[in-house]
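Enquirer: With the sequence up front, the predicted model follows.
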Amino acid sequence: MECDACAQRVVGRWSCLTAISVLVLFIAPKAQSQTLQLANASNSGLDDSEYGADFVEGDSFLLTISAATPNASVTLLEWQNGVSVTPSPYYWGNTDSSGTFQLSNTETSNFIGSYEEKWYVNGVQVGNTLEFEVIDKPASLTVSNVAVASLPSVCVQNNSTYGIEVDILYNIIGATTGMNIATTVPMTPYEDVNWYGPNNTPDGSSSNNIGPASGYSDSSQYASGAGTFHDVPVGTCANFAFSDAGQAQTISVWIGNAEYEVRPSTRFTTNSSAPGHGSITNGLDVSATR
């Protein structure tokens, strides 16, 4: 929502009129009688009534000022990543005859960043200071680390100590920057899984949030602010030797009401020949043994 060039700048003024012994003070409506709303027109799950919506690159926004002074100037002060974009109030136009002003557009990759905005009508701030982010679109995952994890409690209780479970630390990579999506916007990793028993035998399917997983302290429903998440436990346990078990997993990231696939179906294969031992690989970027 940056301006390309400043068209004009308007400073609101109060005025008063004295007639003989009567003083009449003309003032603009109180700021709290005016309303300001920044909505995500593509993904209402990212709306915030107090501080404004957040956005993923490609989302559309709708900014609305209502119940303001009719036919009055609308100006903006804006900061991107803490740096002033509009050193002086930028003039966006006027409210209409009913005191309404609207602005809409698409948040392109040029606007990725964090923002603060203060909107004014006749020099009086409307609503709260908007604080929002435009984040890169999740596009893929990279593996940051693979560690052998403890077996789930159900495996231990059933004396199913053949096999292996791992803890995979993933990076969520943006389509534009090619880097981790570092953000305070909640990102929920999600999986669709087809399970396989020994000898590659189909064994059902499931669809769930990847975290939190009970018993694993680094597992969470949401990705970290650094754009990483742990998928744990990944693997197979049994109370007998086996080969070619595992799962085919598709991973996506939910942001608000929108789903972004970040890893297509990937087959994990696990094998075990003795208690306390096992191996796992996806033939790509995950491999571990114990």
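Expert: Arrived safely. Residues are numbered from 1 along each chain as shown.

Enquirer: which regions of the stretch 101-250 of the chain sit below the pLDDT cut-off?
Expert: Within the stretch 101-250 of the chain, not a single segment meets pLDDT under 70.

Enquirer: can you give me the helices for it?
Expert: 153-157 (DSSP state H, counting those that start in this stretch).

Enquirer: Quick one: residues in contact with stretch 175-187.
Expert: 46, 54, 57, 109, 112, 133, 135-139, 171-174, 222-223, 225-229, 253-255 (C-beta atoms under 8 Å, 6 or more residues apart in numbering). Using the backbone N, CA and C atoms, a C-beta is placed for each residue, glycine as well.

Enquirer: at 6 Å instead, please
Expert: Residues outside stretch 175-187 that contact it (C-beta atoms under 6 Å, 6 or more residues apart in numbering): 54, 109, 133, 135-137, 139, 171-172, 174, 222-223, 226-227, 253, 255.

Enquirer: now these: which count as buried?
Expert: Buried by 16 or more other C-beta atoms under 10 Å: 54, 133, 135-137, 139, 171-172, 174, 223, 227, 253, 255, out of those.

Enquirer: Next, give me the two most distant ones among the residues you listed.
Expert: D54 and N171 (20.5 Å; C-beta to C-beta).

Enquirer: Show the contacting residues for N71.
Expert: Applying C-beta under 6 Å, 6+ apart, the residues contacting N71 are N94.

Enquirer: That one in helix, strand or coil?
Expert: The three-state assignment at N71 reads coil, by DSSP: H, G, I helix; E, B strand; the rest coil.

Enquirer: Next one: it from F101, what distance?
Expert: 10 Å (C-beta to C-beta, to the nearest Å).

Enquirer: and what of T95?
Expert: Distance of T95 to F101, given as C-beta to C-beta: 5 Å.

Enquirer: for N199, same thing?
Expert: Relative to F101, N199 is positioned 66 Å away (C-beta to C-beta).

Enquirer: returning to that earlier point: name the nearest of the contacts of stretch 175-187 relative to V146.
Expert: N171 (12.9 Å).

Enquirer: beta partners for the closest one?
Expert: N171 has these beta-bridge partners by DSSP bridges: T142, T228.

Enquirer: before we move on, back to that, neighbour count for N199 and F101, which is higher?
Expert: For N199 and F101, the more surrounded residue by other C-beta atoms under 10 Å is F101, and the numbers stand at 22 against 9.

Enquirer: and that one, what is it in contact with?
Expert: Applying C-beta under 6 Å, 6+ apart, one finds that F101 lies in contact with I65, V74, T95.

Enquirer: Any idea how many residues pack against the first one?
Expert: A total of 23 residues lie near I65 under the criterion other C-beta under 10 Å.

Enquirer: repeat for Y162
Expert: By other C-beta under 10 Å, neighbour count at Y162 equals 24.

Enquirer: thinking it is in contact with N271, fair?
Expert: No - using C-beta atoms under 6 Å, Y162 makes no contact with N271, being 9.5 Å away.
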